[in-house]
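J.: Just need the structure, nothing else, for what follows:
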Amino acid sequence: MVMRVVERMIVLDHLSRGRALFGIGRGLARREYDACGVDMNEARDRFDEAIGWYLKGLDADPIVESFYQGLMRCYGKLDRRTESIAAYRRLKQTLSITLGLAPSPVTEKLYQSLRGGT
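T.: So this is what the prediction gives:
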């Protein structure tokens, strides 16, 4: 099921010429977890799981910028700053080499916030 979401996101990203956004949120209220039948204490494990899915998505298509953004956010939530910055650098290099583009302003802002710049 999750891989289908990844595949559909890749198609949507291509059809929208890179304007599609995809994100995964932790949720803040216990009722959000209860509605999904998930123990709120497992939130940290869910970020690890999301990282795995973002990486699978990038294996399938390494130029979907929103996957990098999600990966950076997940690493940030887990206090894995070095890996978050490495994901940004991988994106920057991949976009530059394959498309001759720079990361979007949204990604740049996220990167700056993860670096402690904002």
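
J.: Just give me the residue closest to the centre of this protein.
T.: By C-alpha atoms, centre = their mean, the chain has its centre lying nearest to G70, at 1.3 Å.

J.: Which secondary structure state does the nearest residue to L99 once chain neighbours are set aside sit in?
T.: Spatial nearest neighbour of L99, excluding adjacent residues (C-beta to C-beta, 6 or more residues apart in numbering): I63 at 6.6 Å. Every C-beta, even on glycine, is put in place using the N, C-alpha and C of the backbone. Following DSSP: H, G, I helix; E, B strand; the rest coil, the label given to I63 is coil.

J.: residues contacting I63?
T.: I63 is in contact with G18, T94, L95, T98, L99, counting by C-beta atoms under 8 Å, 6 or more residues apart in numbering.

J.: Can I have the buried ones of these as a ChimeraX selection?
T.: Buried residues within the contacts of I63, by 16 or more other C-beta atoms under 10 Å, are selected in ChimeraX with:
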select :18,94,95
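
J.: Let's see which of the contacts of I63 end up in helices.
T.: T94, L95, T98, L99 (DSSP state H).

J.: Next, format those residues as a markdown table and append distance to V5.
T.: Formatted as a markdown table, the ones in helices among the contacts of I63 follow (distance: C-beta to C-beta, whole Å):
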| residue | distance to V5 |
| --- | --- |
| T94 | 22 |
| L95 | 23 |
| T98 | 23 |
| L99 | 24 |
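
J.: ok, back up a step: can I assume the residue nearest to the centre of the chain is in contact with Y54?
T.: Yes - taking C-beta atoms under 8 Å as the definition, G70 is a contact partner of Y54 at 5.0 Å.

J.: Now do the helices in this protein.
T.: Here the chain has its helices, by DSSP H, at 2-15, 30-36, 43-60, 65-77, 81-99, 105-115.

J.: Going by contacts, tell me the helices and strands next to the last one.
T.: Helices and strands in packing contact with helix 105-115 are listed as helix 65-77, helix 81-99; criterion 3 or more C-beta pairs under 8 Å, 6 or more residues apart in numbering; DSSP states H and E.
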